[in-house]
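J.: sequence-free structure coming up:
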């Protein structure tokens, strides 16, 4: 079973078992991982599920579409090269993911 | 033993209240009670991604059972509260239809709203549906394979979203709206016009200014919708989305003040000073900075459910916190993503920013020199810029915002530069 590790801005980590096909956002919200708000429930409308993806995991992810790119410019915390919206990151078989949540989502 | 908090209603606002309280360290028992036989789930996708089969039932669930267990939140399904005995200190007992009693030290009403029913001949025919909860959505989805002609009555968000979904699923869709324009309550004229043109061009037949005379039967089920001009639009499924009515009966029964919802203060406290009411059922002081004194609103939005639940959670913890943030809404309608920031009521001029080639269209609303809201279609950059500026009290000068090639963020200025409106 793939796992997602969420590290918050203070460095505290939590690893959660994930279902293939679910998003990194859904996995966080259902398990009550703090730091991911996801007001819109994953319909790419709110930019409150912003995460920084570990450099090593970046290449395994689907490319960013224009809408996600535009939303990220409005994220509450600083946008970096490894910024993604976690609702757009589907979990694949055999690949663990590691993300850091920003200081704030709103 | 303490009975703790009883939250009646386990949709967005009730769930947000329970989870916010645990996040704040509330350590009394929490019971989250819903009248549906489902685990607490999210509703917005019911008319969109879920209806179209793009996401599973599981992805609608708010939390895993493990989360509820770990956070000691007792989730009760399929129990409908019919009577409440409340003492002056806010504690009491809620009695359910099945005969179960739920004691509480403190009560929260997150009872939502119900669809406004049409009062017309034929509305009880099989095939005339409403769309508010999961059971409604399950029934709608189950019928779709057997129908071709759909009439949607009501051009608000639910009606348009469902119409766009059903059209995308290959159905012939006619949308009938009584008002002269679409979503008249929530967006301005330019946005309505854009939506009308887009949805008509995509193939949905939209009839405005239309009254509905009756629902026509075909044998023992629905066969069509007769309009005020006598025309009968064939339909083997009719979906009614003509607004909602807040569920205030329980609140009224315990003598809480109600007026288009349960009247609450800035901290989500009802007129008894202890019961809280959150979400679609609550009528609250308009939280938008600069709103007219005494103005009250009732929001039907996820954002409000979450934000108001937060202030309610603080109130239960004995703290008074400001309702943070600017109201915002979204609506996905086929290829259209509409995002609304702020409230446009009371605007005196508008500005349109358009990039037709990329399907982007934003309307900015101003009162005097102050920007108060924006409707943004497929334009997250504009939406995020306006939402952020409103939240920070920044200005987006009218004259500087007119060039659609210039990012709004680059013309946003700090409050000190704002010229006061007359």
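T.: Sure thing, it's come through. Note that the structure is a prediction, hence the values are computed from the model and not measured.

J.: and the residue of chain B that's closest to chain A?
T.: In chain B, the residue that lies nearest chain A is residue B:384 (2.2 Å; CB to the nearest CB). Yep, even glycine has a C-beta here, placed from its N, CA and C like the rest.

J.: need the three-state assignment for that residue.
T.: Going by DSSP: H, G, I helix; E, B strand; the rest coil, the secondary structure assigned to residue B:384 is helix.

J.: how about the helices in the stretch 151-300 of chain B?
T.: B:157-168, B:189-202, B:249-253 (DSSP state H, counting those that start in this stretch).

J.: likewise chain A?
T.: Per DSSP state H, chain A carries helices over the ranges A:24-30, A:55-58, A:66-72.

J.: deepest in the core, which of those is it.
T.: Comparing these by mean neighbour count (mean count of other CB atoms under 10 Å in any protein chain shown), helix A:24-30 ranks first with a mean of 25.

J.: still on that earlier bit, buried deepest among the helices of the stretch 151-300 of chain B, which one?
T.: Ranked by mean neighbours (mean count of other CB under 10 Å), the helices of the stretch 151-300 of chain B are led by helix B:157-168, with a mean of 25.

J.: before we move on, the earlier item: export the helices of chain A to CSV and tack on distance to residue B:304?
T.: Shown next, in CSV, are the helices of chain A (distance: least, CB to CB, whole Å):
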stretch, distance to residue B:304
helix A:24-30, 19
helix A:55-58, 35
helix A:66-72, 20
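
J.: between those, which one is closest to residue B:55.
T.: Closest approach to residue B:55 among the helices of chain A (CB to CB): helix A:24-30, 9.3 Å.

J.: rewinding a little: distance to chain A added to the helices of the stretch 151-300 of chain B, as CSV?
T.: Output for those, formatted as CSV (distance: least, CB to the nearest CB, whole Å):
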stretch, distance to chain A
helix B:157-168, 11
helix B:189-202, 16
helix B:249-253, 26
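
J.: ok, which of those helices comes nearest residue B:336?
T.: That would be helix B:189-202 among the helices of the stretch 151-300 of chain B, by CB to CB, at 6.1 Å.

J.: what does the domain assignment say about chain B?
T.: B:5-114+B:245-316, B:117-242, B:335-417 (automatic domain parsing).

J.: next, format those as TSV and append distance to residue A:83.
T.: Putting the domains of chain B into TSV (distance: least, CB to CB, whole Å) gives the following:
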stretch	distance to residue A:83
domain B:5-114+B:245-316	22
domain B:117-242	29
domain B:335-417	14
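
J.: make JSON lines out of those domains and add mean pLDDT.
T.: JSON lines is the format used below for the domains of chain B (pLDDT from 0 to 100):
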{"stretch": "domain B:5-114+B:245-316", "mean pLDDT": "96"}
{"stretch": "domain B:117-242", "mean pLDDT": "97"}
{"stretch": "domain B:335-417", "mean pLDDT": "94"}
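
J.: give me the number of residues near residue 64?
T.: No chain specified, so I'll use chain A. 15 (other CB atoms under 10 Å in any protein chain shown).

J.: wait, I meant chain B there
T.: 17.

J.: how about residue B:335?
T.: 13.

J.: now do the contacts for it.
T.: Contacts for residue B:335 (CB atoms under 8 Å, 6 or more residues apart in numbering or on different chains) come out as B:198, B:202, B:359, B:378.

J.: and the two most separated of the residues you listed?
T.: B:202 and B:378, at 13.7 Å, using CB to CB across the contacts of residue B:335.

J.: re earlier: with distance to residue B:57 as added columns, please give the helices of the stretch 151-300 of chain B in TSV.
T.: TSV is the format used below for those (distance: least, CB to CB, whole Å):
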stretch	distance to residue B:57
helix B:157-168	17
helix B:189-202	28
helix B:249-253	29
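
J.: mind checking which of those helices is nearest residue A:89?
T.: It's helix B:157-168; of the helices of the stretch 151-300 of chain B, that one is closest to residue A:89 (CB to CB) at 24.8 Å.

J.: show me what the closest one is packed against.
T.: For helix B:157-168, the packing partners by 3 or more CB pairs under 8 Å, 6 or more residues apart in numbering or on different chains; DSSP states H and E come out as strand B:149-153, strand B:172-176, helix B:189-202, strand B:237-240, strand B:328-333.
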